[in-house]
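**Q** what follows is a predicted structure for the sequence shown.
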Amino acid sequence: MFKHALLIALAVIVPAAAQAEKCPAELPVLFVVQDKSGTMADPPDASCPSCPSKWTTAKAAVKNLSQQYANRFRFGVQMYPRDTTTFNCSTGTTVTPFPASSDDVAAAYSAASPGGGTPTAVSLDAAKTYLQARHLTEPAYALLLTDGLPNCNLSLNQATCTPSQPACAGSNGLGSPNCGAKGCLDDQGATSAAARLLAAGYKVYVVGFDATLSANVNRAVLDGMAAAGGTGQAYTADDSASLNAALAAIAFDATTCCKDVCQNGAAQCLANGQVQRCQIDAGGECTNWTVSDCPPASACTNGSCVACQNECAVDATRCSGNSAMKCQMQPSGCTAWVTIDDCGWGEKCVNGVCESCDECNQGEEQCVGASEVKTCDLDWLSGCSQWSTEPCPNGTTCEGGACLGCAHTCRAGERRCTGQTPEACVADSQGCTEWTAGTPCTDFCSGGVCGACGTTCTLNAARCNGNTVEMCTQDANGCTIWSANGPCLPDQFCSDGACQTCPVRCTVGEKQCGANGILECQPQASGCNAWVAAGACAEGETCRDGHCVPPCQNLCDTGAVTCDTQGAPMKCELAPTGCSVWKASPACVGENQRCIDGVCRERCSGAEIETCSEGMVCTGVPEGSFCLPADGSPDAGTGGPGTLPGIDDPSEEDPGTTLKPGSKAGNAPDGGCGCGATSSGAALFTLAPMAFTLLRRRRG
């Protein structure tokens, strides 16, 4: 415990006490022999299982050593065993030759992983061989960093040897894969190897990095190796702080001189974002680099810590040359581009990802137009397959990836249409003719030339052109055009693309009467005829049959009757004009009728008893006589040749005959009113003697 505290205190004061003079030539060599057996993957103290592993802690401590004392030593690293299989006993191998930078040291530890046994003796001999081969003129030291006791000496007797670890104790470790002869403690072999190094001029420093190595037998084994190597006793550590202190103490003890490694005051940025500054070390003689982190939310730029100016968005990708990069958040809190993959042979970087760079399948051939052929070849330097292009010879054309003789599919200058695309027969640079497509036509292609449609209408739409219906149809080129569908009938007109029936039918020039005068049939713009006002009648005039007529003069009294000059009855009626006029009635029929006072009357027949209408008198008369009006109207007929004395002629009155006053009798031809006959036989016999007496008197 006292030694542990002493080492930490020493690590604090070492830089101030490590006075050294300038080295005359090269720096001394500090060669690290690192144990990477399988137990290095465990924490240094079993009581802290969550603590970092011995391997992780050693990686950081050795890097820090190589960084802090870069102006005092040239560093190299050997790791053992070489292989990492279970309890492998292969000899150690140099992984970082000197002079190695701190970054080289860190990279070597990152590339390795713990595994195998602890072949210390043979690995110390390998370190001696490596150092001797360098023919050094400056001092060199071996620094053995191990977490266990040496083993892997197969010449030892497993039946009598001391086990190098508890797992091999009891029953001589029979049945355990980690034991047997290789599990025997090889303390003598390791001590002898350390002595051989010292004899060759190389001191050996020993560090035991495990809590079990700080006391008792284990510690004695390590001290024996240190004593044989000329450094007195071993250093032990069981955490990061004590390990760094032990390494610093060794560097202090081995220091003999120093050398400037940088320009005092210089500063630069490391790849991990830390800032590196050059200054005089604590010894006050030589310059050395010191490394520090930038504060949070800042990054190292040109050797100074400045506020973050994020280069990119987290997880964005890009290519830098043939390397894939990704934007990552740095420990400083700033984003930066980080190379995540270097594309290998046969790959190229595309959008931040390494992909196959093959453009094509090797040996494949394709045409480039009609005059060139391209072949897929492999570039052996990059591993990428790519196209190489060559022209076809004159008189040939490329078809199917090969240069062939011209097919001459057309004659130069010819034109044609393929659908809506015009094509022309063109001779190419090789002299071969072929159809070359032009720009597709907007409207139509005809004869290899684009044409434009002159009319634009909606297919099947209709319109009127005068009195003709036109329909939107397609012509042979697919253009829409207006086509006549036929004129409308005479009594129809075209409206909204359809024939409509005229509301009025009349003949042009025809006239009729309207409410306000004369109407005339006239043609309209629609193609129909319509009644149009042609003029109003003058005051007092009336319209009749499409004409204006003057006011009427009443010719008679409405309802009066008379006979016209032809002997036909007439009656006075009100005409449509509002005037009273005579209107003829049907003429009297046959010889037995005659118009008397506007009425057709029947002639009297013989042997009939005549009865006269009111205002008439009737007496015995010869056959064919008529009753005459009692008032002796001028319309009554006068006596004719057949007139009877006293009857037909009043001046010849028969004393035996009595006539009613004012009565006369006349022949049928002379006119008179017809009497209606009765069927009374008594009246007939009564009148017969009287008529006979009259006849006798007349003949006498």
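**A** That came through fine. Numbers count the residues shown, from 1 in each chain.

**Q** who's in contact with the strand or helix carrying Ser123?
**A** Secondary structure assignment for Ser123, by DSSP states H and E: helix 120-133. Residues outside helix 120-133 that contact it (Cβ atoms under 8 Å, 6 or more residues apart in numbering) are 29, 31, 33, 35, 76, 78, 80-81, 91-94, 140, 142, 144, 146, 150-153, 186, 189-190, 192-194, 196-197, 200, 202, 204, 225. The C-beta positions use only the backbone N, C-alpha and C, and glycine is treated the same way.

**Q** narrow those to those that are buried.
**A** 29, 31, 33, 35, 76, 78, 80-81, 91-92, 94, 140, 142, 144, 146, 150-153, 186, 189-190, 193-194, 196-197, 202, 204, 225 (16 or more other Cβ atoms under 10 Å).

**Q** and Glu355, what does it touch?
**A** Glu347, Lys348, Cys349.

**Q** now find how far off-centre the helix or strand harbouring it is within its chain.
**A** Using DSSP H and E, Glu355 sits in strand 353-356. Distance of strand 353-356 from its chain centroid, counting by Cα atoms, centre = their mean, to the nearest Å, is 31 Å.

**Q** before we move on, what about stretch 27-46?
**A** Per Cα atoms, centre = their mean, the centroid offset for stretch 27-46 relative to its chain is 64 Å.

**Q** repeat that for stretch 467-480.
**A** 36 Å.

**Q** what about it, how long is it end to end?
**A** 22 Å (Cα to Cα, to the nearest Å).

**Q** likewise for stretch 27-43?
**A** End-to-end span of stretch 27-43 (Cα to Cα): 34 Å.

**Q** stretch 588-595 too?
**A** Start-to-end span of stretch 588-595 (Cα to Cα) is 6 Å.

**Q** and for stretch 557-576?
**A** End-to-end distance for stretch 557-576: 16 Å, by Cα to Cα.

**Q** name the residues that touch that stretch?
**A** 544, 552, 555-556, 580-588, 594-600.

**Q** of those, which belong to strands?
**A** Per DSSP state E, strands hold the following members of those: Arg544, Ser580, Val581, Trp582, Lys583, Ala584, Arg594, Cys595, Ile596, Val599, Cys600.

**Q** switch those over to CSV; also include distance to Ala159, pLDDT and neighbour count.
**A** As requested, these are exported to CSV (distance: Cβ to Cβ, whole Å; pLDDT from 0 to 100; neighbours: other Cβ atoms under 10 Å):
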residue, distance to Ala159, pLDDT, neighbour count
Arg544, 163, 81, 14
Ser580, 175, 85, 19
Val581, 174, 85, 17
Trp582, 178, 86, 15
Lys583, 173, 87, 13
Ala584, 176, 85, 11
Arg594, 189, 86, 22
Cys595, 185, 89, 22
Ile596, 189, 89, 23
Val599, 183, 88, 17
Cys600, 183, 89, 20
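
**Q** separation between the nearest residue to Ala307 once chain neighbours are set aside and Ala536?
**A** Closest residue to Ala307 apart from its sequence neighbours, by Cβ to Cβ, 6 or more residues apart in numbering: Ser298 at 5.4 Å. For Ser298, the distance to Ala536 equals 110 Å [Cβ to Cβ, to the nearest Å].

**Q** so between those two, which is more surrounded?
**A** Ser298 (19 against 13; other Cβ atoms under 10 Å).

**Q** tell me how far that one lies from Ser388.
**A** For Ser298, the distance to Ser388 (Cβ to Cβ) stands at 52 Å.

**Q** before we move on, what about Gly527?
**A** 80 Å.

**Q** higher neighbour count, the two?
**A** A direct count of neighbours by other Cβ under 10 Å for Gly527 and Ser388 places Gly527 higher, at 22 against 10.

**Q** quick check, the more buried one in contact with Leu489.
**A** No: assessed by Cβ atoms under 8 Å, Gly527 is found out of contact with Leu489, at 9.5 Å.

**Q** I figured Cys286 hits Asn264, correct?
**A** No: contact between Cys286 and Asn264 fails when scored by Cβ under 8 Å: they sit 9.7 Å apart.

**Q** nothing else from me, thank you.
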